[in-house]
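**Student:** the following block contains a protein sequence and its predicted model.
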Amino acid sequence: LVAVATLAVTAAAPLVLLPFGDGYAEHGTTVLRLMALSALPNVVLGVAIEVARVRRALRTLLLLEFGSAGLVVVLVVVLLPPLGLTGVGLAWLIAACALAVPLLATLPRWLPAPQRRPA
């Protein structure tokens with residue numbers, strides 16, 4: 001579902017922003033596309049956060065939440081001056097990918113396969 005919505009928003013970004021004005025559509029399309037693309041790795045992060053909540057793994061939960069927020073803030077500080085608003089969208093996408101890749105690499109450790117019931 002998220003992949004389909006991401007593709008739709010990415011493809012229709014200028015049209016989605018058009019009701020806010022031509023200038024908004026012209027200057028905001030790239031940012032909207034970057035933010036939409038970040039939804040895919042954010043699914044992985046969201047699942048990991050919910051698994052940590054269910055397991056009551058407060059340390060993991062805080063690490064994921066503060067790691068995500070901290071990484072976004074640092075990247076925005078670095079990317080905003082040279083890239084403007086596009087830097088914010090890029091920071092969000094880079095942070096999401098930077099957290100999703102190691103989470104996917106260690107997926108069996110934090111999200112084991114469900115146990116099959118004997119027949």
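**Tutor:** On my side now, so go ahead. All values reported here derive from a predicted model rather than from experimental measurement.

**Student:** just the helices from this structure, written as ranges.
**Tutor:** Along the chain, counting by DSSP state H, helices occupy 2-17, 22-37, 39-54, 58-83, 85-105, 107-110.

**Student:** run through who's touching the lowest-mean-pLDDT helix or strand in the chain.
**Tutor:** In the chain, the helix or strand scored least confidently by mean pLDDT, DSSP states H and E is helix 107-110, which has a mean of 90. With Cβ atoms under 8 Å, 6 or more residues apart in numbering as the test, helix 107-110 has contacts from 48, 51, 60, 103. To be clear about C-beta, it is placed using only N, CA and C from the backbone, and glycine gets the same treatment.

**Student:** what do you get if the cut-off is 10 Å, keeping everything else the same?
**Tutor:** Helix 107-110 is contacted from outside by 44, 47-48, 51-52, 55, 57, 60, 103, 113, using Cβ atoms under 10 Å, 6 or more residues apart in numbering.

**Student:** where's the dip in pLDDT among the residues you listed?
**Tutor:** Looking at these by pLDDT, the weakest one is residue 113, with 81.

**Student:** picking up where we left off before, mean neighbour count and distance to residue 117 added to the helices of the chain, as CSV?
**Tutor:** Output for the helices of the chain, formatted as CSV (neighbours: other Cβ atoms under 10 Å; distance: least, Cβ to Cβ, whole Å):
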stretch, mean neighbour count, distance to residue 117
helix 2-17, 14, 30
helix 22-37, 17, 39
helix 39-54, 17, 20
helix 58-83, 14, 28
helix 85-105, 18, 27
helix 107-110, 11, 20
